[in-house]
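Enquirer: generate coordinates for the sequence data below:
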Amino acid sequence: MAEKSNTMVPVYNSTKTTNGGEVLPLPFTAEDHKPQFPPIVSSYNDKIRPILDAVDKLRRLKVTQEGIPLPAIVVVGDQSSGKSSVLESLAGISLPRGQNICTRVPLIMRLQNHPDPVPELLLEYQKKSVTIMEESQISDAIDKATVEIAGDNKGISNVPLTLVVKKNGVPNLTMIDLPGIARVAVGDQPENIYEQISDMIMEHIKPEESIILNVLAANVDFATCESICMSRRVDTTGQRTLAVVTKSDQSPEGLLEKVTSNDVNIGLGYICVRNRIKDETYEEARMQEATLFQTHPLLSKMDKSIVGIPVLARRLMEIQSMIISKCFPDIVKKINERLNASVLELNKLPRIPTSIPDAMAAFMQIIGSLKATFQKILIRGELEYDDKEMHCNARLAEMLDEFTKELHKSEKISENFLVEEMLVLEEANGIRLPFFLSNSAFLYLLKKKVNDISDLPINFLNKVWGYLEIVCARVLMDHCGNHPQLLPSIKKASLNVMLRMKEKLVERVLEMIEMERVTDYTCDPDFIASWNKLMGKIRDNFLSAIINHSTFSLEGYGPMLIDIKHLYSVPATKRDQAFDLKMRMMAYWKVVLGRMVDWIALELRFVIQKMVNNEMEKEIVNEVMVRGGGMEKMLDEPTSVASNRERLQKSIGLLQESKQIIQQVMDGI
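Expert: Below is the predicted model of the structure:
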């Protein structure tokens, strides 16, 4: 491993010429005082540094767990791509090295240019903070922390480490280094190590706020690199992907063409670098890198804006400045929105009663709110909910219309027109004056017609009550969901009331059906009007069809033409009497169906009003106070509510702290 150095990574501003004519960059010396950063870096230090610090603080608070995405530079690459070397060159420190996976947890590297020649090094993880006294101890500290988090095998974990490097000359950057992509498990690595690493990488690079720093070795085909395939899955246009090509000195042939042709669509471009070799110091490595790209026959042809670690550092700072400036207003907005939502949700949780009187008051408030809501949606028809399924009067009216249509569909004209009526009249005939219409024949036909539709009213009530039970469950959950200790008792009482009221309603409907089956009466003037119409124009059409031996139709009962050839030879008296009976039944049946719909609708409204205004409240109070254990239940907050309250309070505390961090930055800008 290369020897660590505490000296500054130089920034080059001039050149010198050797005896052989070779041009080399001159580093700043102590006499140069302070390095003269380009304007973008100066602006970055003045304006963006506080925002970057704020974003880093938010990341340490784990505000992303609250659904607040943070901008990040995510470093990805295949195993042995030179990823660690790039990060070491940027930070001027040594990271863990070895075979197979070295980075087994996300490593958040916070680099900050530090005027003091003595660096400050800090490792943070799992609420621990470890001060590192010497740069040579960094690798061991990271290894030890990694074992604590991910175990002593070669497995990985998504719990991050944060390495804070405050050092003279390093770029102001925050990067997230992820495990290198391993395709095959070795040793005691889990068999699905590739899937684990892929899932971790995808989780970090998927957010639109993430910039992907894709580290590629110069000696591989970029198009087949797994890291490229992953980044293209989430960044199809490449607009947030920057590629760093390592090992340029090892495979210079064709490298210029690979980075200029951009066959894999790297939107932010390429930067080629030379890795530190063996015992080189970081300063020596940068000198050698500058020499390489200035003198190599192939690499010297590359534009100087795409080569070297210093160029990479400046480019990353530019990108970081851009993404932070772009995302910061959204971060502020989302924190405020999430904070407001959490406060609102917390305020909706029930206040914990501290005494029986408090519990009684809270219980009566629940009962009152339940009753008020049921009155609004079931009686007055107010649009209390946005959900159309909860617009109860409209839905009940729709069901009643469907029921009415089903009833009227039952009125069908038989192809054997008047045959049934003639048979009934024959059977009802007795020793009495001829040509008098028998009431028993009418009642027989009426009973038969009522029997044919007797299941429809009951089916209608079952459908209505099924809907009302769904509505009731929704309202109970809205008003009592935060009182799970009471919800079972209130739900039981409500269902008991609904079942009892339904049974009464069904009983009355069955009684109504029986009444229509065995008796006949109406004072509705429409009965006589309908019968007269049928015995007028319709009868004339019928007689005309008999005389002309043709078909005829019943106006108002469908367009079907009725074949009556079976009636041509029937005696006129018998035929006319059957026709009269048929028309009387048709006129009366119209009254029966209308009366049935009106009566059931009135009964339904009456039962709902009685249930909401009287029965439900009494049943709930009786169930809770007498059979359900009284008010003591309300004094104990349920575990689910307590855990939800704790979660919300923790979330609010975190978001408020995040808001304070944001406000401090805003005040300083």
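
Enquirer: tally of neighbours for residue 511?
Expert: 10 (other Cβ atoms under 10 Å). Any C-beta I mention is one placed from the backbone N, CA and C, and that applies to glycine too.

Enquirer: would you mind measuring from it to residue 385?
Expert: 35 Å (Cβ to Cβ, to the nearest Å).

Enquirer: per-residue confidence at residue 231?
Expert: Residue 231 is assigned a predicted lDDT (pLDDT) of 93.

Enquirer: that one touches residue 215, doesn't it?
Expert: No - assessed by Cβ atoms under 8 Å, residue 231 is found out of contact with residue 215, at 11.1 Å.

Enquirer: what's the overlap in contacts for those two?
Expert: Common neighbours of residue 231 and residue 215 are listed as residue 76 (criterion: Cβ atoms under 8 Å, 6 or more residues apart in numbering).

Enquirer: low pLDDT regions in the chain?
Expert: Filtered on pLDDT under 70, the chain yields the residue ranges 1-47, 97-102, 430-436, 556-559, 628-635, 668-669.

Enquirer: repeat that with 50
Expert: For the chain, the stretches flagged by pLDDT under 50 are 1-43.

Enquirer: where do the strands sit along it?
Expert: 12-17, 23-27, 72-77, 107-113, 120-125, 128-132, 161-167, 173-177, 210-217, 241-246, 270-272 (DSSP state E).

Enquirer: got those as TSV, with distance to residue 92 and mean neighbour count columns?
Expert: As requested, the strands of the chain are arranged in TSV below (distance: least, Cβ to Cβ, whole Å; neighbours: other Cβ atoms under 10 Å):
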stretch	distance to residue 92	mean neighbour count
strand 12-17	15	11
strand 23-27	14	15
strand 72-77	16	26
strand 107-113	9	22
strand 120-125	11	18
strand 128-132	14	13
strand 161-167	6	22
strand 173-177	12	23
strand 210-217	18	26
strand 241-246	17	24
strand 270-272	18	25
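
Enquirer: could the ones you listed be laid out in TSV, adding distance to residue 481?
Expert: Listed next are those as TSV, based on distance: least, Cβ to Cβ, whole Å:
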stretch	distance to residue 481
strand 12-17	67
strand 23-27	68
strand 72-77	38
strand 107-113	40
strand 120-125	39
strand 128-132	40
strand 161-167	40
strand 173-177	40
strand 210-217	38
strand 241-246	46
strand 270-272	56
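
Enquirer: now residue 463, nearest residue through space, not along the chain?
Expert: residue 399 (6.1 Å; Cβ to Cβ, 6 or more residues apart in numbering).

Enquirer: quick one: neighbours of that neighbour, just the number.
Expert: Using other Cβ under 10 Å, residue 399 has 15 other residues around it.

Enquirer: just checking, it touches residue 460?
Expert: Yes - judged on Cβ under 8 Å, residue 399 makes contact with residue 460 at a distance of 6.9 Å.

Enquirer: for the residue nearest to residue 233 when sequence neighbours are not counted, give me its contacts.
Expert: Nearest residue to residue 233 in three dimensions, chain neighbours excluded: residue 202, at 7.4 Å (Cβ to Cβ, 6+ apart). Residues in contact with residue 202, defined by Cβ under 8 Å, 6+ apart, are 230, 233, 234.
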